[in-house]
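Enquirer: need coordinates for the following:
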Amino acid sequence: MANIQIRKYQEEDSETVKELFTSGMNEHLPSAFMHLLKQPLTHMLLMCTFCSLVATSKSFLLPVLAVALLLAAGRQAVVHMFNAYIGDSLKSDLDDVVESYLRRRDSCFWVAESDGRVVGTVACLPAENAPEFLELKRMSVCRSRRGKGIAKALCRTVEDFARDRGYPAVILYTSMVATDAQRLYERVGYKKIRQFPLPDFFPKIINFTLIEYKLDLERDK
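Expert: Presented below is the predicted three-dimensional model:
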């Protein structure tokens, strides 16, 4: 991990941090669409549409076009789901990182810098639903810099921060399609606690889930 410095967020990092977050989220769009295609409900809808139109129109062109339109609509729904989350994030904590993290107790936001360029981010704060634990958030590493230990170092930064403040554990949430992130967290010691669906209508009907992980900081005591 040569020439990498992990430091606290500064105001001039704002646009780069937002770009890293947005590009990192958009990387998961193809996997999320593939997940949609694998769902039994999707198979049933496409098959019923195709068969019913074949039977009523006596043509293959109309059913094929209808299936293509349904697939395009499904992909657009996935894009909308991701864009909604990205938009909400950019308007909430990422709109004012200083206020959301640096001015709050037991909270922080770090960036990984290489040759004067921000190439990674991570943050933490007391978990909203379990304030006795610290929650890791906003983990992102520039795609061209992955595999160099940056994400692992950012995880360790949060771990050290939590341990120094006496927290017994760090928790985090990641999506079911973020498989690289899941492998990273498991390699640095996080354990999968539960998997649960998002409450919104579209994620629920396509069985799109979040995974909760936990790192026990008292295991070495």
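Enquirer: so which helix or strand takes in Lys192?
Expert: strand 191-197 (DSSP states H and E).
Enquirer: kindly report the same for Arg138.
Expert: strand 134-141.
Enquirer: check Cys48 too.
Expert: helix 40-57.
Enquirer: from the chain's centroid, how far away is the helix or strand that that helix is followed by?
Expert: Downstream of helix 40-57, the next assigned helix or strand under DSSP H and E is helix 61-91. Its chain's C-alpha centre and that of helix 61-91 lie 18 Å apart, by Cα atoms, centre = their mean, to the nearest Å.
Enquirer: now do stretch 189-196
Expert: On Cα atoms, centre = their mean, the centre of stretch 189-196 falls 14 Å from that of its chain.
Enquirer: buried ones in it?
Expert: 189-190 (16 or more other Cβ atoms under 10 Å). The C-beta positions use only the backbone N, C-alpha and C, and glycine is treated the same way.
Enquirer: same thing with stretch 120-128?
Expert: In stretch 120-128, the ones that count as buried by 16+ other Cβ under 10 Å are 120-127.
Enquirer: stretch 103-112 too?
Expert: Quick answer for stretch 103-112 (16+ other Cβ under 10 Å): 107-112.
Enquirer: extract the CA atoms of the helix holding Cys48 and return them as CSV.
Expert: Extracted in CSV, the C-alpha atoms of helix 40-57 (Å, rounded to 0.1, in the frame of the first residue of the first chain):
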residue,chain,number,x,y,z
PRO,A,40,-39.4,-16.7,-10.2
LEU,A,41,-41.8,-13.7,-10.5
THR,A,42,-39.8,-12.4,-13.4
HIS,A,43,-39.8,-15.7,-15.2
MET,A,44,-43.6,-16.1,-14.7
LEU,A,45,-44.3,-12.6,-16.0
LEU,A,46,-42.2,-13.0,-19.1
MET,A,47,-43.5,-16.4,-19.9
CYS,A,48,-47.1,-15.5,-19.4
THR,A,49,-46.8,-12.4,-21.5
PHE,A,50,-45.0,-14.3,-24.3
CYS,A,51,-47.4,-17.2,-24.3
SER,A,52,-50.6,-15.2,-24.1
LEU,A,53,-49.5,-12.9,-26.9
VAL,A,54,-48.4,-15.8,-29.1
ALA,A,55,-51.8,-17.4,-28.6
THR,A,56,-53.8,-14.2,-29.3
SER,A,57,-51.8,-12.5,-32.0
